[in-house]
Each structure stands twice: as C-alpha cells, then as structure tokens.
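Undergrad: How does the following fold in three dimensions:
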Amino acid sequence: MKRFLIVSIAVIAALFAGLPAAQAQQVRADLGGGSGIVVGGDFLCTLTTIGYDNAGRLVGFTAAHCGGPGSTVTAEANPAAGVVGTIARTNGALDYAVIQFDPARVNPVRSVGPTTITGTGAPAQFSEWVCKQGRSTGHTCGFSVYVDPVFNETWGLVCVSEGDSGGPVTRGTTLVGMVSAYFLVPCIGPKISINMEAVVADASAAGGPGAGFRPV
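TA: Just a heads-up that it's a prediction; the model follows:
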C-alpha cells in the first residue's frame with residue numbers, strides 16, 4: 001500500500017511537471033479621448049480620440065509636437081500595460097500625430113470622465129459652447145471665438161495648460177478639435193485647437209495608419 005501511494009504521487013508529479021506554466025494575462029490599458037499618455041518615455045500629452053482606420057487598425061491621434069514618428073506611447077494611468085503603441089506619422093503644419101496601438105494592450109473606450117465622443121464634425125463657430133478633456137486640467141468648457149479657415153484653427157476661451165496638448169475639443173459628443181496651444185497664460189489666454197475635420201481629411205489623403213478614421 002505504501003509503495004503504491006509513493007508511485008501514484010510520483011506519476012501525478014510527473015504529469016504536472018509536463019504541463020506548460022500558466023502565462024500571466026496581458027494587462028490592457030483603458031484609453032479614449034482625454035486619456036493621459038506618455039510619449040517617448042517622458043513627454044506628457046493627451047489622447048485626442050481612439051478608433052479604427054479603413055484597414056481595421058486600432059489608431060488614435062494626439063498633437064505632433066508631443067513626439068515624432070517611432071516614438072513610443074504608454075498609458076499614464078496604467079504603466080503596467082507597457083508600450084501600448086507608437087507614433088506612425090505626423091503633420092507639423094496641422095500639429096497632429098497618428099498613433100498605431102497594439103490591440104492586445106489597449107481597451108479602447110468612448111468616454112473619459114464627462115467626455116464622450118461619438119463622431120467627428122465641423123469646427124465650432126463663434127459663440128458656440130465647447131468643452132475639452134485634458135490630462136492636466138481635466139474637463140473645462142467655454143466659448144468658441146474665431147475659426148481660421150486658412151490654418152484650420154479655432155480660437156476659444158477654454159482652460160488648457162501643459163500636458164493638455166492633443167486633448168479633444170467637443171461640441172456635445174462630436175469631436176470638433178484637438179488642443180494645440182494656448183496664448184500667453186495657461187487657462188487665462190485663449191486656446192488654439194486644430195479643426196478635427198481637417199485632421200481626419202489629411203490623414204485619409206495621406207493613406208496608411210489613420211486613413212478613414214472612425215472613433216469607437
């Protein structure tokens with residue numbers, strides 16, 4: 001009996017030894033328009049939006065001055081997810097960057113805080129109420145003041161500061177702009193956003209990652 005028990009234990013141990021070790025489940029970061037991101041390992045910015053392009057790639061946008069092509073992107077709120085994407089291309093004139101994400105490391109979301117993005121649309125006109133979501137100053141709202149059709153910019157009275165670059169500017173649930181800069185003083189001077197219609201159109205014309213973008 002004792003010998004049988006010893007043999008049985010040895011057989012069970014051998015079976016378990018032959019099984020592959022359980023792999024740790026990959027951590028995925030929740031990311032959407034307004035999420036904080038770290039570009040190139042040390043530059044804090046905000047994700048404009050996330051969705052899919054016409055090739056089915058998981059992509060998003062942020063400001064071009066946050067980092068150049070090949071720069072890594074990590075989620076500020078969930079660094080355990082590791083590198084979640086890389087900047088695929090930029091347009092300095094429109095100050096936007098296309099990020100191609102690793103779908104195994106990202107859970108794309110439509111809402112961040114009070115901001116929900118259901119689509120993209122035309123820039124907000126004079127006196128229209130808009131809001132922005134940024135990793136530094138959160139959710140703030142104000143009036144659109146002036147649309148510049150030449151440079152595809154909109155000036156408005158909405159609080160922004162360093163780190164809000166790339167943040168979504170919304171009219172209701174429609175994404176109309178991307179935070180690019182502020183004038184003179186953070187949260188006091190007017191902010192400048194790039195019109196999202198121009199960004200999406202340029203990305204589609206360029207082809208590759210970001211072409212035919214649609215938010216989640």
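
Undergrad: From here on, just use CA atoms for contacts and neighbour counts.
TA: Noted.

Undergrad: what's the single longest strand in this protein?
TA: In the chain, assigned by DSSP state E, the strand with the most residues is strand 138-148.

Undergrad: next SSE after it?
TA: Using DSSP states H and E, the helix or strand that directly follows strand 138-148 along the chain is strand 153-157.

Undergrad: Counting by contacts, list what the helix or strand that that following strand is followed by packs against.
TA: Downstream of strand 153-157, the first helix or strand assigned by DSSP H and E is strand 168-171. Helices and strands touching strand 168-171, by 3 or more C-alpha pairs under 8 Å, 6 or more residues apart in numbering; DSSP states H and E, are strand 129-134, strand 174-182.

Undergrad: The longest one vs strand 129-134, what angle?
TA: Put plainly, it is strand 174-182. Strand 174-182 and strand 129-134 are oriented at 70 degrees to each other (axes from the mean of the first three to the mean of the last three C-alpha atoms, to 10 degrees).

Undergrad: for strand 174-182, the distance to its chain's centre please.
TA: Its chain's average C-alpha position is 13 Å from that of strand 174-182, according to C-alpha atoms, centre = their mean, to the nearest Å.

Undergrad: List the neighbouring strands of it plus their orientation.
TA: If you go by DSSP bridges, strand 174-182 pairs up with strand 119-120 (parallel), strand 168-171 (antiparallel), strand 191-195 (antiparallel).

Undergrad: re the thing from before, let me have the helices and strands packed on strand 168-171 in CSV, extended by mean pLDDT, mean neighbour count and distance to residue 118.
TA: Output for the helices and strands packed on strand 168-171, formatted as CSV (pLDDT from 0 to 100; neighbours: other C-alpha atoms under 10 Å; distance: least, C-alpha to C-alpha, whole Å):
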stretch, mean pLDDT, mean neighbour count, distance to residue 118
strand 129-134, 98, 26, 14
strand 174-182, 97, 27, 6
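
Undergrad: Out of those strands, which gets nearest to residue 63?
TA: Taking C-alpha to C-alpha, strand 174-182 is the member of the helices and strands packed on strand 168-171 nearest to residue 63, at 6.4 Å.

Undergrad: tally of neighbours for the closest residue to residue 30 other than its chain neighbours?
TA: Spatial nearest neighbour of residue 30, chain neighbours left out: residue 107 (4.7 Å); criterion: C-alpha to C-alpha, 6 or more residues apart in numbering. A total of 14 residues lie near residue 107 under the criterion other C-alpha atoms under 10 Å.

Undergrad: quick one, what contacts residue 107?
TA: Counting by C-alpha atoms under 8 Å, 6 or more residues apart in numbering, residue 107 touches 28, 29, 30, 31.

Undergrad: Mark which of those residues are part of helices, please.
TA: In this view, the contacts of residue 107 have no member that belongs to helices under DSSP state H.

Undergrad: Tell me the one of those residues nearest residue 165?
TA: Using C-alpha to C-alpha, residue 31 is the member of those that sits closest to residue 165, with 15.8 Å.

Undergrad: Show the low-confidence segments of the protein, by residue range.
TA: 1-24 (pLDDT under 70).

Undergrad: Next up, the contacts around the spatially most central residue of it.
TA: Residue closest to the average C-alpha location in the chain (C-alpha atoms, centre = their mean): residue 47, at 3.0 Å. Contacts for residue 47 were tallied using C-alpha under 8 Å, 6+ apart; they are 31-37, 60-62, 166-168.
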